[in-house]
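**Q** Pasted the sequence and its predicted model underneath.
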Amino acid sequence: MASNWKRNVRSFMGNAMGGLKGGTNLASWVVAGTFAYFLWVKPSQDLKKEQQKRSALAAASNPQETGLISVNKKRTEE
């Protein structure tokens, strides 16, 4: 009875992972992971870095935030 249960679990796990066994299973997961990284993860990271650079550049080029603009108020002599 226990061996039947173990066989069912092993069969379920094998089917859940694409039905491939051994080295081909590992190779297919490596290929899928590589595709996922270059199609989704890396572009997302690059976009985030670019947005951070843009926001840093915008903050640095805003003279009011950096304190480069000083407002001189003319004093009126009375």
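**A** It's in. Keep in mind that this is a model prediction, so the values were computed, not measured.

**Q** Distance check, Gln52 against Phe12.
**A** Plainly put, Gln52 is 44 Å away from Phe12 if you go by CB to CB, to the nearest Å. (C-beta placed from N, C-alpha, C; glycine too.)

**Q** do the same with Lys21
**A** Distance from Lys21 to Phe12, by CB to CB: 14 Å.

**Q** Then Gly22?
**A** For Gly22 relative to Phe12 (CB to CB), the value is 17 Å.

**Q** These two: which has the busier surroundings?
**A** Phe12 (10 against 7; other CB atoms under 10 Å).

**Q** Give the buried residues for the longest helix along the chain.
**A** Using DSSP state H, we find that the single longest helix of the chain is helix 42-61. If you call a residue buried by 16 or more other CB atoms under 10 Å, then helix 42-61 has no buried ones at all.

**Q** give me the low-pLDDT residue ranges for this structure?
**A** 1-2, 17-20, 61-78 (pLDDT under 70).
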